[in-house]
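[1] Provided below for reference: sequence and predicted model.
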Amino acid sequence: MIANFFIPELNNHDVQELWFQQDGATCHTARATIDLLKDTFGDHLISRFGPVNWPPRSCDLTPLDYFLWCYVKSSVYADKPQTLDHLEDNIRRVIADIRPQMLEKVIENCTSRLDYIRASRGSPMPEIIFKM
């Protein structure tokens, strides 16, 4: 998927300053995958075994974890899809319905989380901070 879809799709956009972040799942950090991502993103790769090592289990700092996957999953399964086609249609619809304004709010929230972590010198967040 990365080689056949994702990277060719990136070539259609101006992504000079793009950073790529992934979780530490074993299938995502295979040597061939990491090598391909390093070739594509250089020092702008946040991953296990990448140039920037993302802290493990840092859901407070990972918008994909604290927001996107929960949002997509709850939306995709809201009508309890019974077939694979229905599930795939829901996934496509939910992803297509994500608006830039929603992602801007997620980025603002992530920035406030980072500010909190910096100010508290890395201590855990006392509560979930999320504003939509």
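    That came in fine, so what should we check first? Numbering: from 1, shown residues only.

[2] quick check: longest helix of this structure.
    Looking only at the chain and at elements set by DSSP state H, the helix with the highest residue count is helix 100-119.

[3] same for that one, what does it pack against?
    Using 3 or more C-beta pairs under 8 Å, 6 or more residues apart in numbering; DSSP states H and E as the contact definition, the elements that helix 100-119 packs against are helix 63. Yep, even glycine has a C-beta here, placed from its N, CA and C like the rest.

[4] residues in contact with the helix it packs on?
    Contacts of helix 63 from elsewhere in the structure, counted by C-beta atoms under 8 Å, 6 or more residues apart in numbering, are 106-107, 109-110.

[5] would JSON lines of the residues you listed with distance to Phe67, pLDDT and neighbour count be doable?
    Shown next, in JSON lines, are these (distance: C-beta to C-beta, whole Å; pLDDT from 0 to 100; neighbours: other C-beta atoms under 10 Å):
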{"residue": "Val106", "distance to Phe67": "5", "pLDDT": "84", "neighbour count": "20"}
{"residue": "Ile107", "distance to Phe67": "10", "pLDDT": "83", "neighbour count": "11"}
{"residue": "Asn109", "distance to Phe67": "8", "pLDDT": "82", "neighbour count": "17"}
{"residue": "Cys110", "distance to Phe67": "9", "pLDDT": "79", "neighbour count": "17"}
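
[6] nearest to Phe49, of those?
    Compare each of those with Phe49 using C-beta to C-beta and the shortest gap goes to Cys110, at 23.2 Å.

[7] Look up the closest residue to the closest one, ignoring the ones flanking it.
    Nearest residue to Cys110 in three dimensions, chain neighbours excluded: Pro63, at 5.0 Å (C-beta to C-beta, 6 or more residues apart in numbering).

[8] With Ser47 instead?
    Once chain neighbours are set aside, the closest to Ser47 by C-beta to C-beta, 6+ apart is Gln22, at 4.8 Å.
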